[in-house]
Each structure stands twice: as structure tokens, then as C-alpha cells.
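Novice: Need a 3D model of the following:
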Amino acid sequence: MSGAASHSVGFSYRGAALATLIALGISVTAIAQAEDAPSYRETQLGLYVTASEAYDLLQQESDALLIDVRDPVEIKFTGFAEPTAIHVPWVITDTAQFDADSKTWPTVRNASFAEQIRAALEAHQANDDTPIIVMCRSGATRSAPAADLITEMGFSQVYSVSDGFEGGTLAEGDSKGVRARDGWRNSGLPWSYEIDPDIAWYESK
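Specialist: Numbering: from 1, shown residues only. As a prediction, this is how the structure comes out:
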């Protein structure tokens, strides 16, 4: 969303799914607050779901696919959404280097992302109108561009999870700065530290 304004996103699910979601009172929204929605979170299609809405959509649409685009190292320590169908990182940790200024290992773009995502979607027999839900840590610099790339492949129902897996940071209290607000992990949705070997990403793929 540009500037301080937020906007509602108009779109439709297919057939009965839309009516079902409306009946359940589920709203699929753009990111609500400007301070939580810098412009780089926007996607070409303008389709966004919260983690809770993503889970509901997965329950309503049997062919919907949840894609995690986080780094494997990140997932190892923070957990994995159990309904995840595809795991392909948008960026990966470059352990061959160390950034002395930031005191950590840098991340680099996964050069094979497009190829790996396309292969995974084909393996799941995704059609151009298959609901595809893309999730990173907080719904910002990874899920949005990944959603755009998948859109450019010809898919028309590509959503970015606006609060991501870990959600937002707490603004005050003893846990200030901790990602414990909203997001998949903080919304009572199914997740685990155990990762399905059939879904786990391998760099050699």
C-alpha cells in the first residue's frame, strides 16, 4: 500500500468456496495498517490473507497449496506450518561468507527459485486457477516477490500471507521486539518443529 493509506482487496474465490467463506464471515484483506504494510509488501494481484485466513482457505479448497519460502536454517529454529505443501526458499544463508559489519552470515537469492517452484507446482498438478498461498516470516520481502514471480508464471490466485509464520513484534513489555503477535505460529494453527522429509528443500534439487 502506498503512503499511509490501506486498501481493501476485491477478488473472488471459485464457485461455492466463495459463498462458504462469506458464510463463515472470513474476510480476505489487505494488510491493515500502514506502519505494518510498507509498499514492498504489495503484490501484482493484490491478494493477501492473514495466517488464519490462509488456514481457512486451505480447509475450504482441497487443491489449495501452501508454499513456505523461508530459509531452511530459519525453519529449523522457528518451526514449520503442518499443511505446507511446498518448501522452496526465496533466499538462502551463504555460509561461505561472514559479514563482519552485521555480525552474521549474509543471505543470497536462491538462483534456482523459479525452476524449483515451477517443478513443484507441476508435481502437484497445479492449474492456473489453483489457490496458491505464499508465506515467509512476516509477509514482507520474500512472500510478496515470490508471489509475483508465481503470478508471472500464469497463476491467477496467488496470495501472500500478510502476517507470515512468526507474525509481528511486540511493542512493549518484557518481550518487546519478540515476534509473538499474529502470524501462523501465534494464531493457534497447526505447526511443528518436525519437517516432512518429502517437503523439505534440498539445495541439490
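
Novice: Tell me which residue is most central in the protein.
Specialist: By CA atoms, centre = their mean, the mean C-alpha position of the chain lies nearest to residue 135, the distance being 1.0 Å.

Novice: residues contacting the nearest residue to it once chain neighbours are set aside?
Specialist: The shortest distance from residue 135 to any non-neighbouring residue, by CB to CB, 6 or more residues apart in numbering, is to residue 161 (4.1 Å). All C-beta atoms are positioned from the backbone trio N, CA, C, and that covers glycine. The contact partners of residue 161, by CB atoms under 8 Å, 6 or more residues apart in numbering, come to 48-51, 54, 133-136, 139, 143, 184.

Novice: and if we set it to 7 Å?
Specialist: Each residue near residue 161 by CB atoms under 7 Å, 6 or more residues apart in numbering is listed here: 49, 51, 54, 133-135, 139, 143.

Novice: for residue 105, same thing?
Specialist: 93-95, 97-99.

Novice: distance of the residue lying closest to it once chain neighbours are set aside from residue 99?
Specialist: Sequence neighbours aside, residue 93 is the residue nearest to residue 105 in space, at 5.1 Å (criterion: CB to CB, 6+ apart). Distance of residue 93 to residue 99, given as CB to CB, to the nearest Å: 11 Å.

Novice: neighbour-wise, which of these two wins?
Specialist: Taking other CB atoms under 10 Å, residue 93 and residue 99 do not tie; residue 93 has more neighbours (16 against 11).

Novice: what about the more buried one, distance to residue 84?
Specialist: Computed as CB to CB, the residue 93 to residue 84 distance reads 19 Å.

Novice: And residue 186, by the same measure?
Specialist: With distances taken as CB to CB, residue 186 is found 17 Å from residue 84.

Novice: and what of residue 96?
Specialist: To residue 84, residue 96 is 28 Å away according to CB to CB.

Novice: Neighbour count for the two, which is higher?
Specialist: residue 84 (22 against 8).

Novice: Helix, strand, or coil at that one?
Specialist: Classification of residue 84 using DSSP: H, G, I helix; E, B strand; the rest coil returns coil.

Novice: how near is it to residue 143?
Specialist: Taken as CB to CB, the span from residue 84 to residue 143 is 13 Å.

Novice: just the helices in the chain please.
Specialist: For the chain, the helices defined by DSSP state H occupy 16-23, 51-60, 72-78, 113-123, 143-152.

Novice: so what's residue 161 bridging to?
Specialist: Judged by DSSP bridges, the bridge partners of residue 161 are residue 49.
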